[in-house]
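Asker: Pasted the sequence and its predicted model underneath.
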Amino acid sequence: MVLYIKYMVSLRCKMMVKEELKKLGIEYAIVDLGVVEILENISNEQRDQLKISLENSGLELLGDKRSILVEKIKNVITEMIHYTDEIPKVNYSDFISEKLGYDYTYLANTFSEVKGITIQQFIILNKIERVKELLIYKELNLTEIAYRLHYSSVAHLSGQFKKITGLTPTFYKSIARKRRGNLENL
């Protein structure tokens, strides 16, 4: 049996879900981003308990097919941008469609109807979050980041960053360094 969990986007979430499953005595085969494969069917009571436990941790057990599909799309994008060293060079629409086994138009329409934004907008938001991480923690310069995330140029990356955050990447990095410096002095 497969369960789908909304907002499960990090290793910490996976660890928390494993702990909740263990507490409830639910044996699982796989716990991955947004997906849990359990070894046997669970009772309605166990499902309700799991749902409450997950909600207390900021996660949500999904039930309807459209929400499950949207979570799958989000997980593919999150994994593609945040958990791989290099984003695939193929067209995002082809990559997502191939990974999920659905026509991209169907995926895009479902995503937009459920989330209220396009898949492309969601990708851009995730790429900007990744740029922030790379600027702060990996200490990469903008040219390296633009190359790694397949921006056509540093100017394109900078323009998109400013449009989303209201700041230039350089100014963002300087603010982040000051904050980190202030925290270290505490």
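Answerer: Everything's here; your move.

Asker: ok, now how distant is the residue nearest in space to the middle of the chain from residue 12?
Answerer: By Cα atoms, centre = their mean, the chain has its centre lying nearest to residue 78, at 3.2 Å. Distance, residue 78 to residue 12, using Cβ to Cβ, to the nearest Å: 14 Å. Glycine gets a C-beta too; all of them are placed from N, C-alpha and C.

Asker: now residue 65
Answerer: For residue 65, the distance to residue 12 - Cβ to Cβ - is 28 Å.

Asker: now swap in residue 57 and tell me
Answerer: 10 Å.

Asker: now residue 6
Answerer: Using Cβ to Cβ, residue 6 is found at 16 Å from residue 12.

Asker: so the residue nearest to the centre of the chain sits right up against residue 7, yeah?
Answerer: No - assessed by Cβ atoms under 8 Å, residue 78 is found out of contact with residue 7, at 10.7 Å.

Asker: tell me the mean pLDDT for the helix ranked longest in the chain?
Answerer: Looking across the chain with DSSP state H, the single longest helix is helix 65-82. What helix 65-82 shows for mean pLDDT is 90.

Asker: Tell me which other helices or strands it touches.
Answerer: The elements that helix 65-82 packs onto, with contact taken as 3 or more Cβ pairs under 8 Å, 6 or more residues apart in numbering; DSSP states H and E, are strand 2-6, helix 92-100, helix 104-115, helix 119-133.

Asker: rank those by pLDDT, which is bottom?
Answerer: The minimum mean pLDDT among the helices and strands packed on helix 65-82 belongs to strand 2-6 (a mean of 88).

Asker: and the chain, what are its domains?
Answerer: Dividing the chain into domains by automatic domain parsing, as the record does, gives the ranges 2-63, 67-180.

Asker: Look at residue 146 and say how many residues are nearby.
Answerer: When neighbours are counted by other Cβ atoms under 10 Å, residue 146 registers 20.

Asker: Quickly find the element holding it.
Answerer: helix 142-148 (DSSP states H and E).

Asker: ok, then the element right after that helix?
Answerer: Once helix 142-148 ends, the next helix or strand along the chain (criterion: DSSP H and E) is helix 154-165.

Asker: Please tell me how far that following helix is from the chain's geometric centre.
Answerer: In terms of Cα atoms, centre = their mean, to the nearest Å, the centre of helix 154-165 is found 20 Å from the chain centre.
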